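>>> structure for the following, please:
(chains A and B)
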Amino acid sequence: MVSESPETTQVMGASDIDRALTRISHEVVEAQRGTEGLIILGIPRRGVPLASRLGERLQSIDQGFDAAARTGALDITMYRDDLRSHGARTPEPTQVPAAGIDGATVVLVDDVLYSGRTIRAALDALSDLGRPDTVRLAVLVDRGHRQLPIRADHVGKNLPTSREERVHVQLHGVDGVERDDEAVVIQR
Amino acid sequence: MRHLLSTADLSHQDALSILDTAEEMSAVSSREVKKLPTLRGRTVVNLFYEDSTRTRVSFEAAAKRLSADVVNFSAKGSSVSKGESLKDTVQTLEAMGADAVVIRHSASGAAAQLAASDWTEAAVVNAGDGTHEHPTQALLDALTLRRDWSAAHAAGSPRGTDLAGMKVLIVGDVLHSRVARSNIWLLRTLGAEVSLAAPATLLPQSVSSWPVTVHYSLDDALAEGPDAVMMLRVQAERMGGAFFPHAAEYTRRWGLTDERLEVVETLTLGDTGKPAVILHPGPMNRGVEISAAAADSDQSRITDQVAHGVSVRMAVLHLLLTGGHDA
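I've put the predicted structure just below:
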């Protein structure tokens, strides 16, 4: 994990992340007026555990929502527009609910929204899988500096940053931290 | 990775990265839209100095599924038959903007020479050089083996797993087989034990220095209980001399006949009770090195191998053509 130094500030702790996800789950139900036709897709890697937690909360709000059957992962590696300049990466699995996404409301989930390029790639990837009725975007942190006309529908925390700063999200299951040590930190 | 020339210089991590990527590519191949935008605007040249329809078509399908432009260049009926050198041909293709050159050549080391030269900036993929190596074939064999080996041992995805503990028997014309060479290095890197069964006349002299066990009887080799039996094609076209007396004699001693199939049917993948598997790189000489019943048996993975060929080649092109070459 990132060490606590004068240049590193923690902006969210484990309980803040939990509360943000709970709030987002209520917002999703409200925006959708229920959970019918709802599919939650996390963007690897950190969007995947966030999506599965969001799915669990939705199930606890609405018993009719089967989190296991309606939550998945959408890898965007092959759709990135910076493939020439960045190192080759091994794609992560894409898991789409068996029923497919045609006509569904898909909520894309990611950890940090920054330039918007990841989401652009995700929209391309999604259109190769089917034709959802609506696509919404939920992110844990929106740090601004968009390069594309993309905005999030559900935001855990708006975090004004400078371009020189880096935002690190540390999650259990991805970054080798315990659940209690999860955090969002800014590094200068 | 900058080029893919040989499986001997693939690290364990590189090999797993290619196989894991190929797993995701397989998922794309089973979708309704079998196309990714990954290599849009890039050009892949298939430079084939030897005939090989299936390998060329497989590379072509792989490149097209990644949205690359494909130029097929076969030596037959081209300026090569007018005496043009490999250097001139490659420089012509370079001038046309090739990003990757997939080369099949009858001379061992042709791909390595191309990669070491300054004739082209393109990534070089060895699609078979003489009797040396055919790395993508070995990778697709490994992908096929890993699917079964991992499914027999655990329910989850094969991602990240290797072939540790698997015993693979390679049977037949090892001398002329680049597939066998590539497989030996890759299977060893992935943790498998490799044994060979072949007539002494069809083994290279250097075999004693290879990390393999050699059997001079197929029946003895099968008695050792391999988890997979990989039959090699009898490459009659490469055999200038007499390497065995007669095709029927070869079949009797070295073929996967109906009688030997009965033995293979009793073999299992480790101690899991799941049946062992049969592989063949194709094209098969049915009735020579493999009987029709063996080729079509439930244990045969020969058609899976073909499908995995496209996935593996997509993975290789993706990893070579995207981004800085950091691995």
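
>>> helix, strand or coil for the spatially closest residue to residue B:165 that is not a sequence neighbour?
Closest residue to residue B:165 apart from its sequence neighbours, by Cβ to Cβ, 6 or more residues apart in numbering or on different chains: residue B:270 at 6.5 Å. For glycine as for every other residue, the C-beta is placed from the backbone atoms N, C-alpha and C. Under the three-state scheme (DSSP: H, G, I helix; E, B strand; the rest coil), residue B:270 adopts coil.

>>> surely residue B:270 touches residue B:226?
No: look at residue B:270 against residue B:226 with Cβ atoms under 8 Å: they stay out of range, at 10.9 Å.

>>> of these two, who's got more company?
Neighbours were counted for residue B:270 and for residue B:226 using other Cβ atoms under 10 Å in any protein chain shown; residue B:226 has more, 23 against 15.

>>> quick check: closest non-adjacent residue to that one.
For residue B:226, the spatially nearest residue (Cβ to Cβ, 6+ apart) is residue B:169, at 3.8 Å.

>>> the one you found and residue B:183: what is the separation?
Separation of residue B:169 from residue B:183 (Cβ to Cβ, to the nearest Å) stands at 11 Å.

>>> what residues are shared contacts of these two?
B:194, B:230 (Cβ atoms under 8 Å, 6 or more residues apart in numbering or on different chains).

>>> residues near residue 85, how many?
Going with chain A. Neighbour tally, residue A:85, other Cβ under 10 Å: 10.

>>> to clarify, I was referring to chain B.
11.

>>> phi, psi for it please.
Backbone torsions of residue B:85, given as degrees, to the nearest 10, read phi -80, psi 160.

>>> next SSE downstream of the top helix by length along chain A?
The single longest helix within chain A, with elements called by DSSP state H, is helix A:14-32. For helix A:14-32, the following helix or strand on the C-terminal side (DSSP states H and E) is strand A:38-42.

>>> and that next one with helix A:14-32, angle?
Angle, strand A:38-42 to helix A:14-32, by axes from the mean of the first three to the mean of the last three Cα atoms, to 10 degrees: 140 degrees.

>>> quick one: the helix or strand that comes right after strand A:38-42 to helix A:14-32, angle?
Counting by DSSP H and E, the next helix or strand C-terminal to strand A:38-42 is helix A:47-61. Angle, helix A:47-61 to helix A:14-32, by the same axes, to 10 degrees: 60 degrees.

>>> and the pLDDT at the residue nearest the centre of chain A?
In chain A, the residue lying closest to the centroid (Cα atoms, centre = their mean) is residue A:110, at 1.6 Å. pLDDT for residue A:110: 98.

>>> next one: the one 10 residues further on
At residue A:120 the predicted local distance difference test score is 97.

>>> could you do residue A:86 as well?
pLDDT, read off for residue A:86, is 80.

>>> repeat that for residue B:236.
For residue B:236, pLDDT reads 69.

>>> ok, the one 5 residues further on next?
Residue B:241 carries a pLDDT score of 61 in this model.

>>> also residue B:57?
At residue B:57, pLDDT is 96.

>>> got the CA coordinates for the helix or strand hosting it in PDB?
Using DSSP H and E, residue B:57 sits in helix B:53-65. Extracted in PDB, the C-alpha atoms of helix B:53-65 (Å, rounded to 0.1, in the frame of the first residue of the first chain):
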ATOM      1  CA  THR B  53      -3.200 -23.200 -45.800                       C
ATOM      2  CA  ARG B  54      -4.300 -23.900 -42.200                       C
ATOM      3  CA  THR B  55      -1.700 -21.900 -40.500                       C
ATOM      4  CA  ARG B  56      -2.000 -19.000 -42.800                       C
ATOM      5  CA  VAL B  57      -5.800 -19.000 -42.600                       C
ATOM      6  CA  SER B  58      -5.600 -19.200 -38.800                       C
ATOM      7  CA  PHE B  59      -3.300 -16.200 -38.700                       C
ATOM      8  CA  GLU B  60      -5.500 -14.300 -41.100                       C
ATOM      9  CA  ALA B  61      -8.600 -15.000 -39.100                       C
ATOM     10  CA  ALA B  62      -6.800 -13.900 -35.900                       C
ATOM     11  CA  ALA B  63      -5.600 -10.600 -37.400                       C
ATOM     12  CA  LYS B  64      -9.000  -9.900 -38.900                       C
ATOM     13  CA  ARG B  65     -10.800 -10.500 -35.600                       C
END
